[in-house]
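Asker: Could you look at this predicted model? Sequence included:
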There are 4 protein chains.
Amino acid sequence: MQSLDDLKTALRAFAAERDWDQFHSAKNLAMAISIESAELMEHFQWASEQQDVALDARRREMVSDELADVFMYTVRLADRLGIDLLVASTAKIAKNAARYPADKVRGQAKKYSEY
Amino acid sequence: MQSLDDLKTALRAFAAERDWDQFHSAKNLAMAISIESAELMEHFQWASEQQDVALDARRREMVSDELADVFMYTVRLADRLGIDLLVASTAKIAKNAARYPADKVRGQAKKYSEY
Amino acid sequence: MQSLDDLKTALRAFAAERDWDQFHSAKNLAMAISIESAELMEHFQWASEQQDVALDARRREMVSDELADVFMYTVRLADRLGIDLLVASTAKIAKNAARYPADKVRGQAKKYSEY
Amino acid sequence: MQSLDDLKTALRAFAAERDWDQFHSAKNLAMAISIESAELMEHFQWASEQQDVALDARRREMVSDELADVFMYTVRLADRLGIDLLVASTAKIAKNAARYPADKVRGQAKKYSEY
């Protein structure tokens, strides 16, 4: 696959071949994203923040699989809702830039966490 | 932005301008994905499964923003770990195809949930 | 165990015997609650809302274990932060009662989801 | 409230007065626990592990409210499923004790994370 569009098409085919569209309500897909993201997080749960990029090959493959799961369910839900993820991301980055001006929040976790 | 690579580059720049790389440990990014996915899910929490694609314009923008947040943190964590999301997805789809053969699981939620 | 206090004491002992207090930062415990809650949710992911209380014995034990995990990490984090869960719950119920007056929200999911 | 049973009774009354039992399917309650646990986790997202118990009064109240939300939805789901949380916790602690013998895992995060 070369692009997000290729992935979207592949995921549509995967679901269609299994007649799984009936289970892929927005509600269920949102749950799936949340569940997979927790499985991803689990790999880093007890690690110190320094350790967390030193993954051995086996752990790395597990993390890669979980990342792919989160990513694919996100692409699938966006497809179902007719939302273009690159357009949505561009819009959100513009909002974030206005909310967190670089010269005001530089290097500050405290500012960052005031939501 | 035209591609995932463009987004990856934009997110690197956004963090660099704010000196936020120090907060973007894999552990923290995985937490961020999980938190944003819960905010996304919240929009569908009390909806019936039938209602869930009928979003009015205001709700649609909120959902779009949350989808973008999940998506961008996923792209960011993959970048930090040096994982290519399209490659990872291709590999995971192959595993899923072997695990859920179309002719065995077609239309079955029960089979689908046996993990 | 007869009470929440008994459970709090048992969890303290369990961690102390294993020298695990060092891993039980508030941050890590909050992550643990979130991870366990996703594992709990996974059991209901593909179920319709009608099916969801018909658990066979094996599934029921799994759900019971996940519920216990969420519950115990919640008790543990509250203990670490010096928060009394029954007092906190009483205070939150009072806030919820003011926010959702019974005569205004009765039977309404829409009202319920306007947050 | 003096006990878990008091809380269970109060939560039943709260839902009954609002005719909300119809929304409290196990699936929806499990989602609610997961959403509230993410809101709880958000308070610790960018904190270092050392900072995380130094909460000012305002933050402390917010954390207390989120802990209460997780706790109350957990009590509510257990009630709906007819599961006694103290019994379930006792059973799970026994399993954990067998899985993580104190003399084998003492002080080890690595062992702890091998799941």
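Answerer: Alright, I've got the coordinates.
Asker: Now do stretch A:18-34: distance from first to last residue.
Answerer: 23 Å (Cα to Cα, to the nearest Å).
Asker: Go through that stretch and flag the buried ones.
Answerer: Across stretch A:18-34, burial judged by 16 or more other Cβ atoms under 10 Å in any protein chain shown covers A:18, A:20, A:23-34. All C-beta atoms are positioned from the backbone trio N, CA, C, and that covers glycine.
Asker: Tabulate the residues you listed (JSON lines), appending secondary structure.
Answerer: Shown next, in JSON lines, are the buried residues of stretch A:18-34 (DSSP: H, G, I helix; E, B strand; the rest coil):
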{"residue": "A:Arg18", "secondary structure": "helix"}
{"residue": "A:Trp20", "secondary structure": "coil"}
{"residue": "A:Phe23", "secondary structure": "helix"}
{"residue": "A:His24", "secondary structure": "coil"}
{"residue": "A:Ser25", "secondary structure": "coil"}
{"residue": "A:Ala26", "secondary structure": "helix"}
{"residue": "A:Lys27", "secondary structure": "helix"}
{"residue": "A:Asn28", "secondary structure": "helix"}
{"residue": "A:Leu29", "secondary structure": "helix"}
{"residue": "A:Ala30", "secondary structure": "helix"}
{"residue": "A:Met31", "secondary structure": "helix"}
{"residue": "A:Ala32", "secondary structure": "helix"}
{"residue": "A:Ile33", "secondary structure": "helix"}
{"residue": "A:Ser34", "secondary structure": "helix"}
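Asker: what subset of the residues you listed is also close to chain B?
Answerer: A:18, A:20, A:23, A:25-28, A:30-31, A:33-34 (Cβ under 8 Å from any Cβ of the partner chain).
Asker: Kindly reformat these as TSV containing distance to C:Ala98 and pLDDT.
Answerer: Compiled in TSV, these are given as follows (distance: Cβ to Cβ, whole Å; pLDDT from 0 to 100):
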residue	distance to C:Ala98	pLDDT
A:Arg18	48	95
A:Trp20	43	93
A:Phe23	39	90
A:Ser25	33	92
A:Ala26	31	94
A:Lys27	29	93
A:Asn28	33	94
A:Ala30	29	97
A:Met31	30	97
A:Ile33	33	98
A:Ser34	29	98
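Asker: Tell me which two of those residues sit farthest apart.
Answerer: Between any two of these, the greatest separation by Cβ to Cβ is 21.8 Å, found for A:Arg18 and A:Ser34.
Asker: any idea of the angle the helix or strand where A:Leu67 lies forms with helix B:57-81?
Answerer: Assessed by DSSP states H and E, A:Leu67 sits inside helix A:57-81. Put simply, helix A:57-81 runs at 160 degrees to helix B:57-81, going by axes from the mean of the first three to the mean of the last three Cα atoms, to 10 degrees.
Asker: Does chain D have contacts with helix A:57-81?
Answerer: No: judged by Cβ under 8 Å from any Cβ, helix A:57-81 stays clear of chain D, getting no closer than 9.8 Å.
Asker: Among the ones next to chain B among the buried residues of stretch A:18-34, which one sits closest to B:Glu66?
Answerer: The nearest member of those to B:Glu66, counting by Cβ to Cβ, is A:Ala30 at 9.0 Å.
Asker: since we're on A:Ala97, how many residues are nearby?
Answerer: 13 (other Cβ atoms under 10 Å in any protein chain shown).
Asker: distance of the residue nearest to it when sequence neighbours are not counted from chain D?
Answerer: Of all residues not flanking A:Ala97 in the chain, B:Phe14 sits nearest, at 7.3 Å (Cβ to Cβ, 6 or more residues apart in numbering or on different chains). According to Cβ to the nearest Cβ, to the nearest Å, B:Phe14 and chain D sit 16 Å apart.
Asker: Tell me the pLDDT of B:Phe14.
Answerer: B:Phe14 carries a pLDDT score of 97 in this model.
Asker: chain center to the helix or strand hosting it: distance?
Answerer: Using DSSP H and E, B:Phe14 sits within helix B:4-18. The chain centre lies 17 Å from the centre of helix B:4-18; the measure is Cα atoms, centre = their mean, to the nearest Å.
Asker: which strands and helices sit next to that helix?
Answerer: On a contact count with 3 or more Cβ pairs under 8 Å, 6 or more residues apart in numbering or on different chains; DSSP states H and E, helix B:4-18 meets helix A:85-99, helix A:102-105, helix B:57-81.
Asker: ok, residues contacting it?
Answerer: Contacting residues not belonging to helix B:4-18 are listed as A:3-4, A:86, A:89, A:93, A:96-97, A:100, A:102, A:105-107, B:1, B:20-21, B:24, B:72, B:75-76, B:79, B:85-86 [Cβ atoms under 8 Å, 6 or more residues apart in numbering or on different chains].
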